[in-house]
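Undergrad: Here you go, sequence then predicted model.
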Amino acid sequence: MSTKPSVAISYWAYPLGDDQRMQDLAGIIDFQSELSRDFNVFVSGKPTDSLGGGLYELAVVILHNESVKDALLFGSGLATDMAKDALKELLLNKIGKPLKNAFAKLKQKNEEKEPEIDTLEIRFKDMQVLIYNVCPDGILRNLDIVMDLLGARIQEFINDGQLPSYIYIPVFFDKEASSDDWRHMPVYRRLEKVDETIKVQGDADYLNYWGMFYPYHTQGLFKVYHVRTKKLIDAQIESPDYGSFN
């Protein structure tokens with residue numbers, strides 16, 4: 001039986017003095033209370049003296065105590081239309097919608113602090129999805145379409161026997177790194193926080209390339225999924241967060 005998922009949210013805040021006090025987000029208690037209707041909630045803000053870098057950028061981790069397959073296959077060999085609707089309901093309405101609505105209110109109360117959802121990670125027992133912010137309000141503005149599309153595509157991955165252990169949304173083609181790769185493989189990566197050379201389109205990037213990691217595959221651990229064509233590309237991925245896979 002499905003249980004209420006848990007959400008852990010952490011962020012850095014501007015410090016006040018030397019005694020661990022901080023200039024917290026206005027309405028953070030209301031934010032936590034609203035989320036508690038749909039999640040078991042843990043919120044942790046800490047002061048930092050990083051001179052403004054990364055302030056009020058929320059790292060959100062959602063834990064669902066089921067595997068994707070157990071939750072959706074209903075004992076059959078394939079993901080059915082009923083399972084597809086169930087997964088979309090879970091991702092779009094049970095996870096995405098309450099998070100989006102609660103954060104939109106929090107953001108409205110803190111216009112001067114400009115809070116963002118910097119990363120959104122959704123963990124099932126057999127799969128993790130990591131969504132990155134690549135433009136102002138990127139995750140918040142694109143959450144509905146990403147969740148809807150993710151629900152549909154996960155069904156296809158299951159039916160094709162290609163369910164990855166990790167999905168990274170989005171990744172970007174690194175032309176310079178690809179030209180230097182001795183294996184002549186295309187290189188994809190997430191964006192750097194500073195000194196980024198890749199040109200960002202914005203919202204369109206969320207529906208362009210997704211990274212897929214298969215630790216159990218003998219022919220290539222990492223593939224890039226072209227969202228629009230549904231093609232899997234043999235590739236290498238590099239990131240300070242999760243190293244290098246190929």
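TA: Thanks, I have it. Fair warning: this is a prediction, and the values are worked out from it, not measured in the lab. Numbers count the residues shown, from 1 in each chain.
Undergrad: How far does the helix ranked longest in the chain sit from its chain's centre?
TA: Within the chain, and with DSSP state H defining each element, the longest helix by residue count is helix 138-159. Once both centres are worked out by CA atoms, centre = their mean, to the nearest Å, helix 138-159 turns out to sit 11 Å from its chain's centre.
Undergrad: quick one, helices of the protein?
TA: Along the chain, the segments classed as helices by DSSP H run 28-35, 68-72, 81-88, 97-109, 138-159, 175-179.
Undergrad: Any stretches of this protein with poor pLDDT?
TA: Applying pLDDT under 70 to the chain flags the ranges 1-2, 19, 50-53, 71-84, 179-183, 217-220, 239-246.
Undergrad: Quick one: the strands in the chain, in order.
TA: 6-16, 21-23, 40-47, 57-63, 116-123, 128-132, 166-169, 172-173, 187-189, 209-213, 222-226, 231-234, 236-239, 243-245 (DSSP state E).
Undergrad: quick one: the fifth one to helix 138-159, angle?
TA: For strand 116-123 and helix 138-159, the angle between their directions (axes from the mean of the first three to the mean of the last three CA atoms, to 10 degrees) works out to 20 degrees.
Undergrad: Now do strand 116-123 against strand 128-132, angle only.
TA: 170 degrees.
Undergrad: Pull up the pairing partners for strand 116-123, direction included.
TA: strand 57-63 (parallel), strand 128-132 (antiparallel) (DSSP bridges).
Undergrad: Next, the buried residues of the shortest one.
TA: Buried residues in strand 128-132, counted by 16 or more other CB atoms under 10 Å: 128, 129, 130, 131, 132. Any C-beta I mention is one placed from the backbone N, CA and C, and that applies to glycine too.
Undergrad: With the first one instead?
TA: Of all the residues in strand 57-63, those buried under the rule 16+ other CB under 10 Å are 57, 58, 59, 60, 61, 62, 63.
Undergrad: ok, so of those, who is nearest residue 159?
TA: If you rank the buried residues of strand 57-63 by distance to residue 159 using CB to CB, residue 62 comes first, at 24.5 Å.
Undergrad: Report the beta-bridge partner residues of that closest one.
TA: On the basis of DSSP bridges, residue 62 is bridged to residue 7, residue 122.
Undergrad: I'd like the distance between it and residue 9.
TA: 10 Å (CB to CB, to the nearest Å).
Undergrad: ok, now residue 202?
TA: 25 Å.
Undergrad: The two: who's more crowded?
TA: Counting neighbours by other CB atoms under 10 Å for residue 202 and for residue 9 shows that residue 9 has the greater number, 22 against 12.
Undergrad: wait, that one sits on residue 39?
TA: No. Between residue 9 and residue 39 there is no contact under CB atoms under 8 Å: 9.7 Å.
Undergrad: still on that earlier bit, reformat the buried residues of strand 57-63 as a markdown table; add distance to residue 191.
TA: Below are the buried residues of strand 57-63 laid out as a markdown table (distance: CB to CB, whole Å):
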| residue | distance to residue 191 |
| --- | --- |
| 57 | 14 |
| 58 | 17 |
| 59 | 16 |
| 60 | 18 |
| 61 | 20 |
| 62 | 22 |
| 63 | 25 |
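Undergrad: Out of these, flag the one nearest to residue 176.
TA: Taking CB to CB as the measure, residue 176 lies nearest residue 57 of those, at 27.0 Å.
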